[in-house]
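Asker: here is my input, please return the structure:
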Amino acid sequence: MGLDKRLLEILCCPTTKQPVGPASGAQLAALNAAIAHGTLLDAEGTRVTEPYAAALVTRDGRTVFRVDDGIPVMLADQAVSTAQLSYFPS
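Answerer: Numbers count the residues shown, from 1 in each chain. You can find the predicted model right below:
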């Protein structure tokens with residue numbers, strides 16, 4: 001993903017304050033499969049339509065934030081809950 005390690009050390013979920021880390025390939029695949037099926041919604045209830053090239057996941061694996069062109073989008077209303085996925089790899 002190419003995010004600076006120092007940046008990753010200070011980034012956290014704006015809601016829970018949990019640390020975040022890069023999503024794995026399996027996690028991105030699960031998210032992108034749900035996007036392709038049209039079933040993934042963000043926190044506002046808006047359907048996510050663009051596949052994720054990169055993302056950050058909270059330590060507990062419950063919340064995902066997309067990364068656009070190397071820039072983490074750490075907005076609570078655009079976060080995605082993994083609870084809506086039937087399977088999300090840890």
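
Asker: after the longest helix anywhere in the chain, which helix or strand is next?
Answerer: With secondary structure taken from DSSP state H, the chain has its longest helix at helix 25-36. Sequence-wise, the next helix or strand downstream of helix 25-36 (DSSP states H and E) is strand 55-58.

Asker: roughly how far apart are the spatially most central residue of the chain and residue 22?
Answerer: Compute the mean C-alpha point of the chain, and by CA atoms, centre = their mean the closest residue is residue 64, 2.2 Å away. Counting by CB to CB, to the nearest Å, the gap from residue 64 to residue 22 is 11 Å. For glycine as for every other residue, the C-beta is placed from the backbone atoms N, C-alpha and C.

Asker: quick check: neighbours shared by those two?
Answerer: 55, 56, 57 (CB atoms under 8 Å, 6 or more residues apart in numbering).

Asker: residues contacting stretch 27-45, please?
Answerer: Applying CB under 8 Å, 6+ apart, the contact partners of stretch 27-45 are 23, 47-55, 57, 64, 76-81, 84-85, 87-89.

Asker: now the buried members of those residues.
Answerer: 23, 48, 52, 54, 55, 57, 64, 79, 80, 85, 88 (16 or more other CB atoms under 10 Å).

Asker: backbone dihedrals for the last one, please?
Answerer: Dihedral pair for residue 88: phi -130, psi 110, per degrees, to the nearest 10.

Asker: tell me what angle the lengthiest strand in the chain forms with helix 25-36.
Answerer: If each strand of the chain is counted by residues according to DSSP state E, the longest one is strand 63-68. With axes from the mean of the first three to the mean of the last three CA atoms, to 10 degrees as the basis, strand 63-68 and helix 25-36 are set at 90 degrees to each other.
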